[in-house]
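[1] Let's see this in three dimensions:
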Amino acid sequence: MAAHQTSSRVDWVDYAKGFCIFLVVMMHSTLGVGSAIGEMGFMGDIVAFAKPFRMPDFFMISGLFLALTLDRDWRLYLDRKVVHFFYFYILWLTIQFGMKAPSFAAEFGWDGVLMHYALAFVQPFGTLWFIYALPVFFVITKLLHSLKVPWQVTLLVAAGLQISALHTGFVLIDETAARFVFFFAGYIFAQKIFVIADWVRENVLKGLAFVFVWAVVNGLFVGYGYADLPFASLALGGLGALVVITVSALLSKVKALDLLRYMGKNSIVIYLSFFFPMAVSRTILLKLGIIQDAGVISLIVTCTATIAPMILFWLITKIGYGQFLFKRPAWAYVAEMPRAKTLEPSPT
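    Take a look at the predicted model:
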């Protein structure tokens, strides 16, 4: 796998992460507008179209480079794969609760605020559930690797859990059942995925044909309400993730949409902080009432919630203050701190 880590191939991974984070922001922005005014417009159709592959792709990309670190000693592994994400989870959970505390207190009282804050350490809170679940996926995979469980068995069981559409009400259990198969597939099939990306870059027309056929199939399944059915959701999730990889490989070949690549490179910045500009821009647009089309409002909110965190990150980089928001300070390491760099690897 190390032989595949040339700059062009890292570029396509960043493009894929950029797609992932943009689709996630789009979903939350569009659903937020829909909840506020009762309709989502054309953006609702785009969100529905992306639903089968949005999170499967995010998790598949997250598992791509796991093989390079899986054999680290447990202390270093837990530091990079667990402590890293829990630091950001606790920090941004606290920030979000601090901002929402007055409204929560009005509804539940201050005792209720503290209770909900404590509960968030067991039941992941809001948009932060992904970086709560991802460390668990890392630990599960290393345990299975250490126990030498055949990957075929793990993949089969994970696929069975996904097909079962398990719903217990506990976010971590339900999301593990629904998403772990894609994360594990990204880890197990990483080399093949890189080979596919290479092939697409050399066979552009065939890659585009695959994207077109998939778009028709995915659209039909979504349109007729079959996308969430057992087996269909598993197949559409896997195929959709491969399509994002295909499109990302093609974009990296022509060096198009460099902003998308930059978003992917710094996806943790957007993921952690998009909630605030999303809420503010939505509130302003709805109060002004200048734009009536729900789809246009959702699109503006999506773009604002995506770009604003990048501006914040740029300002923090320039002034050198506030880096703890996106970079672990020295005291938050339980293993040797890596050499100085501007930002640690993103969640994906």
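[2] give me the element Y262 is part of.
    helix 258-265 (DSSP states H and E).
[3] what helices or strands is that helix leaning on?
    Using 3 or more C-beta pairs under 8 Å, 6 or more residues apart in numbering; DSSP states H and E as the contact test, the elements touching helix 258-265 are helix 7-37, helix 232-254, helix 294-319. In short, each C-beta sits where N, CA and C put it, glycine included.
[4] quick one: buried residues of the second one?
    It refers to helix 232-254. For helix 232-254, a neighbour-count test (16 or more other C-beta atoms under 10 Å) marks 233-234, 236-253 as buried.
[5] now the first one
    Applying a neighbour-count criterion of 16+ other C-beta under 10 Å, one finds 9, 11-30, 32-34 buried in helix 7-37.
[6] Next: stretch 129-142.
    129-138, 140-142.
[7] Please apply the same query to stretch 313-328.
    So stretch 313-328, judged by 16+ other C-beta under 10 Å, has buried residues F313, I316, L325, F326, K327, R328.
[8] Show the end-to-end separation of it, please.
    With C-alpha to C-alpha, to the nearest Å as the measure, stretch 313-328 spans 14 Å from end to end.
[9] I'd like the mean pLDDT over that stretch, please.
    Mean pLDDT, stretch 313-328: 93.
[10] now that stretch, how far from the chain's geometric center?
    21 Å (C-alpha atoms, centre = their mean, to the nearest Å).
[11] Then stretch 103-115?
    Centre-to-centre, stretch 103-115 and its host chain are 29 Å apart (C-alpha atoms, centre = their mean).
[12] Pull the residues that contact it.
    F97, A101, H116 (C-beta atoms under 8 Å, 6 or more residues apart in numbering).
[13] now swap in stretch 72-88 and tell me
    69-70, 131-132, 134-135, 138-139, 142, 268, 272, 326, 328, 332-336, 344, 347.
[14] Among those, name the ones in strands.
    Among the contacts of stretch 72-88, none falls in strands (DSSP state E).
[15] Give me the below-cutoff pLDDT ranges for the stretch 201-348 of the chain.
    Within the stretch 201-348 of the chain, the stretches with pLDDT under 70 are 339-348.
[16] returning to that earlier point: only the buried subset of the contacts of stretch 103-115, as a ChimeraX command please.
    Per 16+ other C-beta under 10 Å, the buried members of these correspond to this ChimeraX selection:
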select :97,116
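[17] quick one: the helices in the chain?
    Under the criterion DSSP state H, the chain contains helices at 7-37, 42-62, 74-78, 84-119, 129-146, 151-164, 171-188, 190-202, 204-223, 232-254, 258-265, 267-273, 275-288, 294-319.
[18] quick one: average confidence on the fourth one?
    Read that as helix 84-119. 91.
[19] next one: the shortest one
    Confidence over helix 74-78 (mean pLDDT, whole number) is 96.
[20] how much distance is there from that helix to the middle of the chain?
    With C-alpha atoms, centre = their mean, you get 23 Å for helix 74-78.
[21] What of the fifth one?
    Relative to its chain's centre, helix 129-146 lies at 15 Å (C-alpha atoms, centre = their mean).
[22] what is the orientation angle of it with helix 42-62?
    Orientation check (axes from the mean of the first three to the mean of the last three C-alpha atoms, to 10 degrees): helix 129-146 against helix 42-62 gives 30 degrees.
[23] any idea of the angle helix 129-146 forms with helix 171-188?
    Counting by the same axes, to 10 degrees, helix 129-146 points 60 degrees away from the direction of helix 171-188.
[24] now do the second one
    Taking the same axes, to 10 degrees, helix 42-62 and helix 171-188 form an angle of 60 degrees between their directions.
[25] name the helices or strands packed onto helix 42-62?
    Secondary-structure packing of helix 42-62 (3+ C-beta pairs under 8 Å, 6+ apart): helix 7-37, helix 129-146, helix 171-188, helix 204-223, helix 232-254, helix 294-319.
[26] got it, and the last one?
    Packed against helix 294-319, as judged by 3+ C-beta pairs under 8 Å, 6+ apart, are the following elements: helix 7-37, helix 42-62, helix 258-265, helix 267-273, helix 275-288.
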